[in-house]
Structures are given as C-alpha cells and as structure tokens.
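Whatever this is, show me its structure:
(2 chains)
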Amino acid sequence: MLRPRYNKNDLGFSLALVVLIYLFVALIGSTVLQLVLCKVNGISFKDFAANNIDIKTLRGYDIGNIVLMAVSGISIGASAFIYAAITKTNVVKATTMGVKPPIAHIGWGVLATLFLITMMVPLNNWIMECIEKLGFKKPSVDIDMDIVSMIIIACVLPAFTEEMIFRGTIAQSVVGNKNKLASLATVGALFALFHMNPAQTVHQFVLGAFMALVVFRSGSIWTSVIIHLVNNLTAVILSAVGGDAFFEANAIWLFFVGLVGFAGCVVGYLFTTKSKWIVDEEQTVGTTASKVCLGVSIGICAILWVVSLLVG
Amino acid sequence: MIKITPLFSGSKGNCTLIQTDKTNVLLDIGFAFKQTMSELTYLGLTQKDIDAIIITHEHTDHIGALPMWTKGCPTAVYSPKNISDYICQRTYCSDITEVDGDFVIGDLAIQTYTCFHDAQECLGYRFSDGHTNVACVTDTGTVEDKLIEFLLPCQTILIESNHDLNMLKNGPYRYSLKQRILSDYGHLSNEQTAELLDKIVDGKLKNIILAHLSEQNNSKEIAFSTALKVLNKHGITEGKDVNIYVADQYKNRRTVC
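Numbers count the residues shown, from 1 in each chain, chains lettered A, B, ... in the order given. Reported below is the predicted structural model:
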C-alpha cells in the first residue's frame, strides 16, 4: 500500500530550492540580458565579451536591469510557492499568510527596526572600511536605479518575496526546535548568507533573526513583511536624502543610541506582547538527504559570499 | 505473569516498566532522569535491577534520559537497527543491541511491529512469558490489519490515543505541526484508537492502557469516553470484563497485570 508522507517544512530542501532557483534565474537572466542588449545596440556577443565592454554603457541597460532584478526577486518568492506545490502543502496556512498581524507586534517591530538601522548605518560603514583596510575592494551597497523603480523593485517586492521563503517557509522548519535562540540564529544566518553581501552581513543576520522572532511570536508572516518593508524603505530614503557627513560625524552616538533603542524595543516587545511560539513536543531528526542539501546550499552561498568579498 | 507499569506517558516523555518475576525491562526512557529514578524507587527498584532498556524510536520524548541513565549504569540497550548509530552517540557505557526481529531478554520473548511514524525507525513491541502477551504500540499514524493481528493475542495492550481531532484542529498548533500529527506518519487519534479497539475487544483483551496523550490536544476524559463507547457497543462492561486505564504524563503508580 502506498502511504503518503506528511508535507513538512524541511530546512535543507527548502533552502536548496531557493538557492537553486535564484542562481538559475540570475545566471540565465543575466545571460539573456547581455544577449538582448547586444542585439539592441547592434554589436555581436563575441565582440561584447572580447572587448570587455561595460554593460552599463549599453542602451537599454537601465530597463533591462530593472526587469532582471524584478524577475530575480519574484523567483525568490516563487520558490516558496513551488516548494508548497511540490510538498502539496497549503501555502496560505503553512506560511501563516492567512493570519491577521497583531498591531502591538507590528508597532514594536517597526520601532525596533528603526533603531536597528540607526545602529547599523555606522556599523556597516565601519565594516566596509575594515574590508578596505584588509586589502579588499570596498563593497558597494548602491543600486543603479531611479528612486521609483528602487522603491518597487528593491523595497516592496523583496519585502514580500523574501519573507515568503525565509520566514514563511525556511523558518517554519526550525520554529519547533526546543533551543529557541538556535532557531533564530539559524534563520538570521541563512538570511544573511543568502544575500551574499559582506558589507551588510551583520545587519542582515540581526534583522533576519529579529524578523523570525516576530513571526514566531505573532504567528503571522505579515508582521515581518511590514518590518522588512520599513527597513528597505528607510535605507532607500537615507540613500536618497544623503546625509553621509551627518552619519560620519555622529557615528558613535548613533551606534549607541541605535543599540540601546533596539535592545530596549526587543525587551519591551518580549514583555508586553503575547506569544504564539510553541515548540514541538517531540524533536525529530533530519534525514541525511536533507542535511546534504543544507550543507551544499550553505557551501554555495558561502563561496559566493567570499567571491563577493574579493570582487567588491 | 507480565506486569506493566506506565511510569510516564505523553508528549513530554514516555517510560514504561515491564516486569516478570525474573526480568525487569524499561520500554523507552524519555522523561526526566530524576523523576524516573524517583518512580523506580517508589516501586522498590534501583538502576541495577533493570535488565534492559528497549527503545521504540529516536525522538526525544522516548530517549531523553538515556544519556543520564547510561552515564551511571551500563544497562543493556536494545535499539531499532536503523537508529542504533544515533542511539550509540547518546549512550555512555552500555552495550547496544540492534533489534532486527524477534529477541529474548530473560524470560521475556519479544516480537516487534513496525510503526508508521516520522522517525528513522519506530517499533512497537509484544512481550510474552509463555502464558500472557502484552503489547505496547505508540507513535504510529495508521491502523492497519498487521497491527490488529499484532495486538489480537494480547491480554493487555498499551496503545496510543494521542489527540482528539477537534481539539487538534482548533488548537494552537501551527499548520505544519497539525499536518504532521494528523498524517499517516503521525499519531493515532482517539477515534483511530477506537476503530482499532473495535476490531480486537472481542478477543483475549482484558486491559487497555491508553497512552501518549497530548497535553494540548486531548484530555483523559475524552480519550476514556471514546474507548468506552467501543466497549459499550460490544456489550462489554468496563471494570468487569475489560479495564481501561488512561496513563498520565506525570504520575501513574498503577501496575496492570
């Protein structure tokens, strides 16, 4: 008799799927973009590759880049839905998309995120300086896009798509672990590693773990979607407004104000809100196949993280 | 005669004492070590009196106290073959015997049943001293003919009655956990256990121990009444023809024989 297994969230399989889909789309997408831009600009792909032509100088690059980033972003979110389809899981229930987000959790989450950014802007700058001092190329955190496209493609879209896979799917596979801190650290680490951006790794780790905390306690993915959106929007607004001199002059003060504010918000959040976080009564052991998938996925992301550090 | 004493039973940890005049065996050791020792002391036993620990599967609620126990006493451990390496990592100075079929401990002949559970391997056990048969089957998500055949020769069964369907569906557990428990590889609900009892109560059965109740998704009263309905349906009087005992998570101190 054929017996169906239950449709569980598996850390290794779900991470492997998003890494595979994202890299596949990024690789195919960038190749297609180069081919299309060569055709539009009337140059052969051979010449383009041989003469080391800067793709950013080609006509149509801006729109092509926006489309590529949008498709890449959508592919990240799509992996959550593909994973649910493969495992025959109700995606709305599994990702907690159907749960109304509690206002108090959103409030504390947004406030904490604003303090986190206040702390992380100077910290990210220090990290970038350190990377440069170590002899590597200074990492770039700039995105070549107009402000409207940036808000849609780099703020709103990832806030939804990344949350669907990271907090809605991957994090749901560790939410039942008895060691709660380890669960949060796992989600934060995988989120940071997946972004493959050494300059923002610390920020993404803390933000990823904090958003996991809020999703686990609130029981709704929408709390982290909103927090992620606020984080992205604030970063875009800050980069648009400028104020580098202000941040540079007050770096230490801003760092400590942000640190104390963020810590205070986390404590306030933990003590004033009701938690829906339930750990599993019986702890299951992952399969070998799942562990291999997890290891390979982490390995690929780690290699790309190092490449990103070397290339800048 | 085989005596069975559930020491701890539920999702927070499981441990059952199986005894004959010559042999004492612990089935699983998933509750806190201190409390386990306290219950054994109450029964007049020490660690050295236990001839073997038999493991059903590798989940923490079944092996949680195994490292602590084996640190102080090299009791023989019997583990399902596929998880013996995993059990080995959590055991200190005990010999581990891989269970891969029928085996004997003292005057107990033991047969196995492969459960449908989200574990690498999960076994139910039937103990026989040549006169009586006692079976313990928890952590299985499916009632199948093979299970019924396994339980039919028994005078006493310790069977899982994990959750009430309505309590689980409307309870606080997240979706994936509910799916896991409800699946063919999860746990038996009160209703599934009743379905199983319906097919075996007319046999040799004298004692039913309902075990592995979920604290969140079940109550002793609901589990008992669901099983009682089956007895009533067959015209069997509870307490006279067949006894039903609902095992408690923390304190039982009741030996069934």
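
thought A:Leu157 was touching A:Ile66?
No: at 10.9 Å, A:Leu157 and A:Ile66 do not qualify as touching, with contact defined as CB atoms under 8 Å. No exception for glycine: its C-beta is placed from N, CA and C like everyone else's.

residue boundaries of the helices in chain A?
For chain A, the helices defined by DSSP state H occupy A:11-40, A:45-50, A:61-86, A:91-94, A:103-133, A:147-149, A:157-165, A:180-195, A:201-218, A:221-241, A:244-249, A:251-272, A:288-311.

so B:Thr5 is in which element?
Counting by DSSP states H and E, the element that carries B:Thr5 is strand B:3-8.

surely B:Val25 meets B:Leu45?
No: in this structure, B:Val25 is not within contact of B:Leu45 by CB under 8 Å, at 11.4 Å.

and those two? which has more neighbours close in?
B:Val25 (24 against 16; other CB atoms under 10 Å in any protein chain shown).

State the mean pLDDT of stretch A:73-90.
Stretch A:73-90 comes out with an average pLDDT of 92.

and it, C-alpha only, in PDB?
This file holds the C-alpha atoms of stretch A:73-90, laid out as PDB (Å, rounded to 0.1, in the frame of the first residue of the first chain):
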ATOM      1  CA  GLY A  73      13.100  38.900  -6.800                       C
ATOM      2  CA  ILE A  74      10.000  37.200  -8.000                       C
ATOM      3  CA  SER A  75      11.900  33.900  -8.400                       C
ATOM      4  CA  ILE A  76      12.800  34.100  -4.700                       C
ATOM      5  CA  GLY A  77       9.200  34.400  -3.600                       C
ATOM      6  CA  ALA A  78       8.100  31.900  -6.300                       C
ATOM      7  CA  SER A  79      10.300  29.300  -4.700                       C
ATOM      8  CA  ALA A  80       8.100  29.300  -1.600                       C
ATOM      9  CA  PHE A  81       5.000  28.600  -3.700                       C
ATOM     10  CA  ILE A  82       6.900  25.900  -5.700                       C
ATOM     11  CA  TYR A  83       8.100  24.300  -2.500                       C
ATOM     12  CA  ALA A  84       4.500  24.300  -1.200                       C
ATOM     13  CA  ALA A  85       3.300  22.800  -4.600                       C
ATOM     14  CA  ILE A  86       5.900  20.100  -4.500                       C
ATOM     15  CA  THR A  87       5.100  19.100  -0.900                       C
ATOM     16  CA  LYS A  88       1.400  19.500  -1.600                       C
ATOM     17  CA  THR A  89       1.100  22.000   1.300                       C
ATOM     18  CA  ASN A  90      -1.500  24.700   1.700                       C
END
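
Skipping its backbone neighbours, what lies nearest B:Ile96 in space?
B:Val77 (4.8 Å; CB to CB, 6 or more residues apart in numbering or on different chains).

If you could redo that for A:Ile43, that was the one I meant.
A:Ile43's closest residue in space is A:Ile53 (CB to CB, 6+ apart), at 7.4 Å.

What is the neighbour count of that neighbour?
16.

Closest residue of the stretch 101-250 of chain A to chain B?
Across the stretch 101-250 of chain A, no residue is closer to chain B than A:Gln172, which sits at 5.9 Å (CB to the nearest CB).

Identify the residues contacting B:Cys257.
B:1-4, B:156, B:207 (CB atoms under 8 Å, 6 or more residues apart in numbering or on different chains).

Output these in CSV; the columns should cover neighbour count, pLDDT and distance to B:Ile83.
Converted to CSV, the contacts of B:Cys257 look like this (neighbours: other CB atoms under 10 Å in any protein chain shown; pLDDT from 0 to 100; distance: CB to CB, whole Å):
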residue, neighbour count, pLDDT, distance to B:Ile83
B:Met1, 11, 89, 31
B:Ile2, 23, 94, 25
B:Lys3, 16, 95, 28
B:Ile4, 23, 96, 24
B:Thr156, 23, 96, 26
B:Asn207, 17, 96, 29
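
Between those, which sits nearest chain A?
Looking across these and measuring by CB to the nearest CB, the closest to chain A is B:Ile4, at 22.0 Å.

For that closest one, list each beta-bridge partner.
On the basis of DSSP bridges, B:Ile4 is bridged to B:Ile18, B:Val256.

isn't it right up against B:Leu17?
Yes: with contacts counted by CB under 8 Å, B:Ile4 reaches B:Leu17, the gap being 7.2 Å.

Tell me how many other residues surround the residue lying closest to A:Val156 once chain neighbours are set aside.
Once flanking residues are discounted, A:Val156 sits nearest to A:Leu229: 6.5 Å by CB to CB, 6+ apart. Using other CB under 10 Å, A:Leu229 has 20 neighbouring residues.

ok, A:Leu229 - contacts?
Here A:Leu229 is in contact with A:155-156, A:159 (CB under 8 Å, 6+ apart).

Could you pull out the helices in chain B for me?
Counting by DSSP H, the helices of chain B are B:33-42, B:60-63, B:66-72, B:84-89, B:145-151, B:165-170, B:175-182, B:190-200, B:220-233.

out of those helices, deepest packed?
Comparing those by mean neighbour count (mean count of other CB atoms under 10 Å in any protein chain shown), helix B:60-63 ranks first with a mean of 24.

Determine the set of other helices and strands touching that one.
Using 3 or more CB pairs under 8 Å, 6 or more residues apart in numbering or on different chains; DSSP states H and E, no helix or strand is in contact with helix B:60-63.

Which residues does that helix contact?
A:178, A:281-283, B:10-14, B:28-30, B:55-56, B:87, B:90, B:139.

and with 6 Å instead?
Helix B:60-63 is contacted by residues A:282-283, B:11, B:13-14, B:28, B:30, B:55-56 when judged by CB atoms under 6 Å, 6 or more residues apart in numbering or on different chains.

Write out the residues of chain B neighbouring chain A.
Proximity of chain B to chain A (CB under 6 Å from any CB of the partner chain) is limited to residues B:11, B:58-61, B:118, B:175-176, B:179-180, B:183-185.

biggest separation within those, which pair?
Across those, the longest distance by CB to CB is 24.7 Å; it joins B:Glu58 and B:Tyr175.

Look at the residue in the stretch 101-250 of chain B positioned nearest to chain A and report its pLDDT.
Ranked by CB to the nearest CB, the top residue of the stretch 101-250 of chain B for proximity to chain A is B:Ser183, at 3.2 Å. The model reports B:Ser183 with a pLDDT of 89.

Roughly how far does it sit from A:Glu281?
16 Å (CB to CB, to the nearest Å).

Contact residues of the stretch 201-312 of chain A facing chain B?
A:281-285.
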